[in-house]
Structures are given as C-alpha cells and as structure tokens.
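>>> everything below, folded, please.
(one chain, ligands or ions: 1)
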Amino acid sequence: MEKVQVTIIGAGVIGLAIARELADHASDIIVLENNDHFGRETSSRNSEVIHSGIYYPKGSLKARLCVEGARLLYEYCQTHHIPHQRLGKLIVATTEAEIGSVRSLHEKGRGNGVINLAIVDAGQIHAWEPRVPGLMGLWSPDTGIINSHALMESYYREANQAGVLFAFNSEAKSITRQGDDYEIVTGNDEYRFRSRIVINCAGLYSDRVAELAGLDVDALGYRLQYCKGDYFSYSGSAPVSRLIYPVPHENLTGLGVHATLDLGGRLRFGPDTETVDRIDYTVDERKKGTFYQSACKIITGLEKDRLMPDMAGIRPKRKGSGVMDFIIREETQNGLPNFINLIGMESPGLTASLAIARQVRTLLQGSSSGSGL
Ligand SMILES: Cc1cc2nc3c(=O)[nH]c(=O)nc-3n(C[C@H](O)[C@H](O)[C@H](O)COP(=O)(O)OP(=O)(O)OC[C@H]3O[C@@H](n4cnc5c(N)ncnc54)[C@H](O)[C@@H]3O)c2cc1C
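Coordinates of the predicted model:
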C-alpha cells in the first residue's frame, strides 16, 4: 500500500497555507479535497477583511494568531504581489450607551498587541466620513482588504511547485489507526493509502472528520453549529471610503452587520447571523428590510432600492456559549498521535492563515510521538 508522510484534509485557505508551510519540511504531502477545485467553501464566502485582532479575548488563539497573522499576511501580500489595501476601519458608537463599549474595545485591542488604535470623536468621524453618524469611534488604520482568491492561488502555486500533491474530487471517507500510521480511504474510487501524519482542516465538516478518526467530538467540545451570514450589496458609488462597523454583539456571534468595500470599491453590508442546520448558500431576499435598518444605523441617506441580495457564507462555530476559541490540537493525549485537528476555524481564519500554518508546524516538530518533521 502506498504511504505518504503527511495528509491534509481540506483545501481551503487554511489547508493551502499549511501545505505551503510544510512543503519544505516533509518528504511527501498529499492534500485531499472534496470539491473539484481549492477554496470553494468558506474561504471564498467571507468579507475578505484583514483583521487587526481587536475583538478576541486576551490570550486566546484567535487574538494571538490574528495579530501575528495580519503582520505576516501584509508582508506576504507585498512580496507575492497579492492585491490588497490597508483601508482602515472605524467601529462607531451611534448611541450614548455604546460609547463605553468603544472604550473597552480600545483597551482590549491594545491588550492583544494591536498597535496604532485611536479613539476618535464625532467631529473627526464627520470630517473623514460625512455620512457616518458616529458619536465616538475606534480607528484601526491597519485593518485592510485582500483578494482572497489571489491569495489562495498563490499558496496553491507555491505548494504545488514544492511537490505537494493535490487530489481533487477526493473525500476522506474513513481514517483508521494502523500501527504508527493512519489508513485513509477516499470516496470515489475507494483508494486506500497510509499516512504518518493527518491534518484535519475540513472546515464545516471538521467535526465529522474528527469523528471518522474515532474521537468523541461532543465530549471534546469539537461539535460544530453552523451560523450563516448573508450579504447584501449596495449598487452604484459607495458613500464611504473606509470599513464601517457597529459595536459588536456581546458574545461575538458576529461583528454586527457592517459595511465593507472590495478592491473594486463596491460596497457590501453583512454578514448577519442565523443559526442553521444545513449548508445552503441561498440569500434570503426577505431580509432586505432588516439589512436596510442595520445599514442605516452606521451610514445615513441610503436608498433601500440599491440594496441587492449578494452572497452568503457559513461560520463553522463550535457549539457552546460565549466566545469559542479555535481548536488547533495534536491528539496524542486522545489516542491519535500525529493527528492534528483544526476545529471552529471561523473569523479571523483568513487573516490568521499563515500564523495558523506556523502553529501546526511547531506542534508537529514538538510532537512527543515523533512526527519525523
Ligand atoms: C460570513 C463569513 C465572513 C468571514 N469574514 C472573514 C474576514 O473578513 N476575515 C477573516 O480573516 N476571516 C473571515 N472569515 C473566516 C474565514 O473565511 C475562515 O476562517 C476560513 O475561510 C476557513 O478556511 P478553512 O480552510 O478552514 O475552511 P474551508 O474554506 O471551508 O475549507 C475546508 C475544505 O475542506 C474540504 N473538505 C471537507 N470535508 C472533506 C473531506 N471529508 N475530504 C476532503 N475534503 C473535505 C471542503 O470541501 C473545503 O474545501 C469569515 C467567515 C464567514 C463564514
């Protein structure tokens, strides 16, 4: 039976970043991807924002990997000519009650190591963005936007050139521990092979892949609950030139319907939050009224007729209450040496992709089970 050193399950932005990171350290790597192309799920259904790391609890993986990831990503964009723009973002308090939250976010961001944050008053907001009715705002100049497709293309090309093998239309259907290796069976042609290391970055299916390998995902807190986010685009010229966000939800289910611009200057509102049980990317047109109300809170003088249903993405949230962190774990203690799970990789997974990939390499190089990396 054929044997490889590393199998990566899932070719979203995170699987691609890991493939690129490990390419120079492993003898052979295969990436299994269910779809016929990389990046067809969550990685191409998001806001394409390079986050700075303000929102996440201090000491969390989300906070650390977002701050480190944003720095690495800007460097990568420069050296690899990935279209991006450091537009900056304003989080605005539109009621007196929200002013305290803006101050707390400022403290939180600084605690996470985000530099250059500043509190701005209503006059400054008005001078920059006359259509934004903020009483006070948090200015994050290092938040930006990126062409996520160009980024994934670049990760893919680098990994491919370094010898990583990509198997598309190949769903990992069974994973069994056999001696020091894992035996993996893929869907279509019942192809079987062995792998020393398995990395599960299957996004919305990562809990099921962990279960395939024999883990009790409910007991471990790996079970996912999907949370859909719809977007509406705003046709015509954009009334703002920066990213405009409201004060976020208390439990960070989402960041609140916000206004993002893409690299073509097109304005979009979203994503909202809706708990769902299945994957369906249809945008519910009936939400137009609610989107209009949310959008009018952060930008004045909008015309409802210019709002159009756009696209939707689904967050792979871990089940549970409060802010749930990423899981990036080597599973020796759960009986699966050299098996790495990445679960709950919602935002800021795109921003953090390079830092996440480094973290995975560090875990493997430090593995007590001897990954051979
Ligand atoms: C609405 C929304 C907005 C977001 N906005 C931002 C943002 O602005 N900035 C930011 O940093 N992050 C953002 N994110 C988060 C970011 O998009 C994700 O963290 C990132 O895309 C996750 O990448 P991934 O590779 O883990 O998952 P995916 O892109 O979902 O890739 C997983 C892959 O695994 C494959 N797969 C699944 N099961 C199997 C199997 N058994 N065998 C083989 N292949 C399999 C799938 O086909 C898929 O291609 C947002 C997310 C959402 C939902």
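
>>> any idea what residue 137 is bridged to?
Under DSSP bridges, the beta-bridge partners of residue 137 are residue 92, residue 120.

>>> tell me the backbone dihedrals of the closest residue to the ligand within the stretch 101-250 of the chain, please.
The ligand sits closest to residue 203 of the stretch 101-250 of the chain, with a gap of 2.5 Å, by C-beta to the nearest ligand atom. Using the backbone N, CA and C atoms, a C-beta is placed for each residue, glycine as well. Residue 203 adopts backbone torsions of phi 60, psi -120, taken as degrees, to the nearest 10.

>>> where's it relative to residue 257, distance?
To residue 257, residue 203 is 23 Å away according to C-beta to C-beta, to the nearest Å.

>>> same check, this time on residue 5
45 Å.

>>> and for residue 81?
Applying C-beta to C-beta to residue 81 and residue 257 gives a distance of 32 Å.

>>> okay, those two: which has more neighbours?
More crowded of residue 81 and residue 257, by other C-beta atoms under 10 Å: residue 257, with 24 against 9.

>>> run a quick neighbour tally on the residue in the stretch 1-150 of the chain positioned nearest to the ligand.
Residue nearest to the ligand within the stretch 1-150 of the chain: residue 12 (2.2 Å; C-beta to the nearest ligand atom). Residues lying near residue 12 (other C-beta under 10 Å) number 26.

>>> quick one, what contacts the closest residue to it other than its chain neighbours?
Leaving aside its chain neighbours, residue 12 sits nearest to residue 43 (4.0 Å; criterion: C-beta to C-beta, 6 or more residues apart in numbering). Listed by C-beta atoms under 8 Å, 6 or more residues apart in numbering, the contact set of residue 43 reads 12-14, 148, 152, 203, 350.

>>> next step: the residues you listed restricted to helices.
Under the assignment DSSP state H, the contacts of residue 43 contribute 13-14, 148, 152 to helices.

>>> check those and tell me the two furthest apart.
Using C-beta to C-beta, those span at most 11.9 Å, a distance reached by 14 and 148.

>>> quick one: contacts of stretch 172-179?
7, 9, 32, 182-187, 194, 198, 202, 209, 212-214, 335-336.

>>> same thing but 10 Å
1, 7-10, 32-34, 182-188, 190-192, 194-195, 198, 200, 202, 205, 208-214, 335-337, 339 (C-beta atoms under 10 Å, 6 or more residues apart in numbering).

>>> so what pLDDT did residue 357 get?
pLDDT for residue 357: 98.
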